[in-house]
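S.K.: coords please:
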Amino acid sequence: MLLAIAYALLGGLHTIGDFDSGWLMATGRWVLAHGAIPSTDVLSYTSPEAPWHYPPLAGVLLYTIFSAWGYAGLSWFCALACAAVVAYLALRAPSKGVAAPLLAILAVPSLVYRTTPRADLFTTLLFAALLTELWRFHCSGTQEAKIQHGLSRQLWALPVIMLLWVNLHPGVIAGIGLLVGYAALELSEMLFAERRAAAIVRLRRAGPWLVAAVLTVLVNPWGLGLLRTSLALSQGMRRGSAVGALQGEWSGVRLTWRSMMQAFAVHSPDSSYWWLLVVAGAVVLLAGWRRQFGVALFIAAAMAASVQGIRFQGLFAIIVVVLGSTILEENWSRIGGGERVLRWKRYLPAIAAGAICVLAVVRIGDLVSDRSYIAANDVVDFGAGESWWFPERAAAFIEREQLPGNIFQPYNLGGFTALRLGPKYPDYTDGRSVSAEIFSEEQKLLGTQIDSPFWREIADRRKINLLMFSLARVGGLENADLGGICNSSEWHPVYMDEVSVVLLRQRPENQGWIDRFQIDCKSVEFQPPLSSSRKKLFQYYSNTGAVMYALSRDSEAEQSWSRAVSMEPKDPNIHLFLAQLYQQQKRMPEAEREYKAALALKESAVAWYALGRMYAAEHRYSEAEPAIANSAEFSASPANNYKALAQVRLKLKQPELALKSVQKAEDASPFRGGSEKLNPEFFSQLDEARADACRQLGRSQEALNWQQQAVQLTPGVAIRWSRLSELAQADGQTQLAEEAQRRVRELQQSQSGAANY
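M.R.: Down below sits the predicted model:
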């Protein structure tokens, strides 16, 4: 039990790099400053009047901690919260054997993921408390006197928990679900005569407290309106509209052979989830065998939820610890038999305890040595304080030089901007995603050259004068076209370090700042932090290499990454970076060596995909196919992997297999359920692949139909019209072929005119 708590404490003790904690604390700061609770957006200048209903208490509490102790205080608070959840589960679970603390050890990685400085942390805490108290009461026995005068008196905590919960996080919906689920569980017990009397007594004694707890949910600033908002937020994200389409925590678990093999990866924290799934499956079978159908159904529903969305894995882990430990120990105690059976019954718990405790010690070693964070390419590392990921020095530069706003920053930086630079510099958008229109606008901006008419129109309308991008190798560079930034005529970089860049718009009133601070990307140099730890130097060289690579300063990138590798030779991600660099330089044998080195250290979807794409670029399609297939098996979001696999299979003249891969790509896309318009290029490529497969199969009309659908999705792509013309000509449809060719000429002329302009 002590080892479980220590593991949870050390697992939760990491630097703060969460994308959403900033806007939550900024809201708490606003509440404390104004003595009121906002009902509209108060952080973003793009949607100032948009309605926003969110429980205020979590932000107030987290900002109070932050204002007193900074990021280090938040790190320790999260660590203590994680340890508190594990301690509560291990100590308060009705089972009194080793099952609860051992399962709690397996639950730690899932709980660490949900106890970051976000309002969701409080849902994890309160869900554990509510479930444990309800389950203890359910397990109180069949003696009416014990139920009436014993555990029933502890149910006064239910309304208190729900009152706190509804004012801390919209996840209170899970609490309502627990209360309803408990009532349904007791009703299911009434199906059996031998358990009916006890169930009736428990339900009668718990009933008033259950009703009071549900009614307490209305005690919030918006009453029922908060619950409607919570449901709308949850359903919108899970359907994949706007933000939900890109938020990884709403993605599901891939039940593939390769992903399930993670269960045997001792150093991978993700392996614990697979063992919890195995335990949960065993508990469902045992509960069904004992005719505890309500329990079996409850745990099965939790399993399904955890597979459908990784966001629910923390709550699933809590359920397995609390209910699973009880069911396992009850059934273990009933095992009887001969001397051999009793001997195994005596030794198996000790063997299991020893194995899981050894696992916990190994995982603790991985945490304190940063091995877990390095292998995961995480934005945080072990210890208390602020993540290396945040553009702290860029924000300080903006404040110090008093650069004029408004500021544009990508979605991931919205929370940081709201806390660090607000309210003087309101953010463009943040994790609250108050406006789906703004989120879509931001995605289009990030996919467009910053000198484009679209950028100019938005900057004029939003009065954007300042840009801030993260250049971090994780969660940063993919949102910044560094080459386009450096060659822009309308925006000038005025600050850059190895994790961030700041740009100012070319305007007469900004010329003074531009003259003083403009940076030449071809010659900008970064200085390593003085007297830094090995950890900080590793982060510095890793990020510097990524920035230099993006600036096409390949020799400097190679030099920085080589230094990073010398410090952390077992980091698979730096080997992957080097492989991509060598591939760009046409040093294919070295690139292949580095890709394989990365895969030897840790198999990942990214590494397999990159290796497969390299093989495809070299026309080594037979080697590319298994590599890209492996990447699809490993990936949590394999839509692009399956699309690439279909394209390779078309090169191998495997049209039937290609069509299957296209269908898998479409099924795996997050841009479904009405959000296809967010990524028309992806679906156009799928339709074009279908057209090619049908052509290879001799189904000319079907190929033509798919190609027509592709050009309808992306009517501005000339090469697709040209392909349509070829298919129509081959099918004898001369008029359609001529119309497509005319469209090709029009597009080529318009593009030529734009280039001349």
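S.K.: Just name the shakiest helix or strand of the protein by mean pLDDT.
M.R.: helix 144-149 (a mean of 48; mean pLDDT, DSSP states H and E).
S.K.: What is the neighbour count of residue 231?
M.R.: 12 (other C-beta atoms under 10 Å). (Each C-beta comes from the backbone N, C-alpha and C, glycine too.)
S.K.: same thing with residue 629?
M.R.: With other C-beta under 10 Å as criterion, residue 629 counts 19.
S.K.: check which helix or strand covers it.
M.R.: helix 621-634 (DSSP states H and E).
S.K.: Now do that helix, average pLDDT.
M.R.: Averaging pLDDT along helix 621-634 gives 95.
S.K.: thinking again about what came up before, can you name the next helix or strand after the least confident helix or strand of the chain?
M.R.: helix 157-166.
S.K.: and that following helix, how far out from the chain's middle?
M.R.: 28 Å (C-alpha atoms, centre = their mean, to the nearest Å).
S.K.: And the contacts of it?
M.R.: 55, 57, 122-123, 126, 129-130, 133-134, 171-172, 175, 179, 209-210, 212-217, 219-220, 226 (C-beta atoms under 8 Å, 6 or more residues apart in numbering).
S.K.: CA atoms of the following helix or strand past that helix as CSV?
M.R.: Going down the chain from helix 157-166, the next helix or strand is helix 172-189, by DSSP H and E. Extracted as CSV, the C-alpha positions of helix 172-189 are listed here (Å, rounded to 0.1, in the frame of the first residue of the first chain):
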residue,chain,number,x,y,z
VAL,A,172,-20.4,16.1,-12.4
ILE,A,173,-22.5,14.3,-15.1
ALA,A,174,-20.4,11.2,-14.2
GLY,A,175,-21.5,11.6,-10.6
ILE,A,176,-25.1,11.7,-11.6
GLY,A,177,-24.5,8.6,-13.6
LEU,A,178,-23.0,6.9,-10.5
LEU,A,179,-26.0,7.7,-8.4
VAL,A,180,-28.4,6.4,-11.0
GLY,A,181,-26.2,3.4,-11.6
TYR,A,182,-26.2,2.6,-7.8
ALA,A,183,-30.0,2.7,-7.7
ALA,A,184,-30.1,0.4,-10.7
LEU,A,185,-27.6,-2.0,-9.1
GLU,A,186,-29.8,-2.3,-6.0
LEU,A,187,-32.9,-2.8,-8.2
SER,A,188,-31.1,-5.6,-10.0
GLU,A,189,-30.4,-7.3,-6.7
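S.K.: Show me what counts as buried in helix 172-189.
M.R.: 172-176, 178-179, 181-183, 185-186, 188-189 (16 or more other C-beta atoms under 10 Å).
S.K.: Of those residues, which is the nearest to residue 312?
M.R.: residue 174 (8.6 Å; C-beta to C-beta).
S.K.: thought the closest one was touching residue 127?
M.R.: Yes. The pair residue 174 / residue 127 is scored as a contact, 5.8 Å apart, by C-beta atoms under 8 Å.
S.K.: intersection of neighbour lists for these two?
M.R.: With C-beta under 8 Å, 6+ apart as the test, residue 174 and residue 127 both reach residue 315.
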